[in-house]
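got a predicted structure here, sequence first:
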Amino acid sequence: DQQVKQNSPSLSVQEGRISILNCDYTNSMFDYFLWYKKYPAEGPTFLISISSIKDKNEDGRFTVFLNKSAKHLSLHIVPSQPGDSAVYFCAASAAGGTSYGKLTFGQGTILTVHP
Amino acid sequence: DAEITQSPRHKITETGRQVTLACHQTWNHNNMFWYRQDLGHGLRLIHYSYGVQDTNKGEVSDGYSVSRSNTEDLPLTLESAASSQTSVYFCASSEGSGPPNEKLFFGSGTQLSVL
């Protein structure tokens, strides 16, 4: 049972335009969400996170939106740059108890930004 | 600088052999995790540890074991390697402070091929 889903395996955008990556989750206990970026032959690196008490978090060109009622989050990259081309993973965590610190990941979305 | 290192980067083994993948972190983090990455599945949790002498099973723990004898290391052992365990393995660590600053730091991965 895939608790975190990224339904778009790939996304292609033009440099300078907006990239929107989507993620859905099913577990209502999830209350902390993160996005990771992964280049080939490297480990995932943290990009941005959001706690369930917020509906938006920004960090430079990256903004994450959380819609708790729809169990949906999205990552917006504006403007997109060729160096943003990577695999993007959505991840979720439930605070407290035995779930503390564990992340459940989506399948990933390959983003390609064309010059 | 603090870091998390995995070795070897690449490993080829035969079915039935015991294999150990090393993970060493200098962050002094309490939490350590092992994930495997497979196409279509994203990253799936194998085992994790919240401190010395603590180990817990993750989502796909069958055929794997870990031990935590110190803060820095969490070796992953495949007791009897199977072709289904061909994958990329990532070790990660985290401080354990919780949101909004909690995040995993990943190693560069080990590509394991079981022939």
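Thanks, I have it.

who are the contact partners of the nearest residue to residue A:14 once chain neighbours are set aside?
Spatial nearest neighbour of residue A:14, excluding adjacent residues (C-beta to C-beta, 6 or more residues apart in numbering or on different chains): residue A:114 at 5.5 Å. C-betas here are computed from N, CA, C, even on glycine. Neighbouring residues of residue A:114 by C-beta atoms under 8 Å, 6 or more residues apart in numbering or on different chains: A:12-15, A:82.

between these, which has the most around it?
The most crowded member of these, judged by other C-beta atoms under 10 Å in any protein chain shown, is residue A:13 (18 neighbours).

in chain A, which residue sits closest to chain B?
Residue nearest to chain B within chain A: residue A:43 (3.3 Å; C-beta to the nearest C-beta).

tell me how many other residues surround residue 2.
Picked chain A for this. Using other C-beta under 10 Å: residue A:2 sits among 15 other residues.

please refer instead to chain B.
Residue B:2 has 10 neighbours, counted by other C-beta under 10 Å.

show me the contacts for it.
Here residue B:2 is in contact with B:25-28 (criterion: C-beta under 8 Å, 6+ apart).

residue A:23 against residue A:90, yeah?
Yes - assessed by C-beta atoms under 8 Å, residue A:23 is found in contact with residue A:90 at 3.4 Å.

mutual contacts of those two, please.
Both residue A:23 and residue A:90 are in contact with A:4, A:6, A:33, A:73, A:75, A:106, where contact means C-beta under 8 Å, 6+ apart.

list the contacts for the third one?
Contact analysis of residue A:33 by C-beta under 8 Å, 6+ apart lists A:23, A:25, A:49-52, A:64, A:66, A:73, A:90-93.

taking the contacts of residue A:114 one by one, which sit in strands?
Applying DSSP state E to those, the entries found in strands are A:12-14.

can you give me the neighbour number for the nearest residue to residue B:81 once chain neighbours are set aside?
Once flanking residues are discounted, residue B:81 sits nearest to residue B:114: 4.5 Å by C-beta to C-beta, 6+ apart. Using other C-beta under 10 Å as the criterion, residue B:114 is surrounded by 19 other residues.

beta partners of residue B:114?
residue B:13 (DSSP bridges).

quick one: contacts for it?
Applying C-beta under 8 Å, 6+ apart, the residues near residue B:114 are B:13-15, B:81-86.

residue B:96 now?
A:100-101, B:29-31, B:50, B:102.

again with residue A:112
With C-beta under 8 Å, 6+ apart, residue A:112 has these contacts: A:10-13, A:85.

so of the contacts of residue B:2, which ones are in strands?
Judged by DSSP E, these include residue B:25 as members of strands.

which ChimeraX command selects the buried ones in the contacts of residue B:2?
Paste this into ChimeraX to select the buried members of the contacts of residue B:2, with burial taken from 16 or more other C-beta atoms under 10 Å in any protein chain shown:
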select /B:25,27
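
as CSV, the contacts of residue B:2 with pLDDT and distance to chain A would be great.
Below are these laid out as CSV (pLDDT from 0 to 100; distance: C-beta to the nearest C-beta, whole Å):
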residue, pLDDT, distance to chain A
B:25, 97, 12
B:26, 95, 15
B:27, 91, 13
B:28, 92, 15
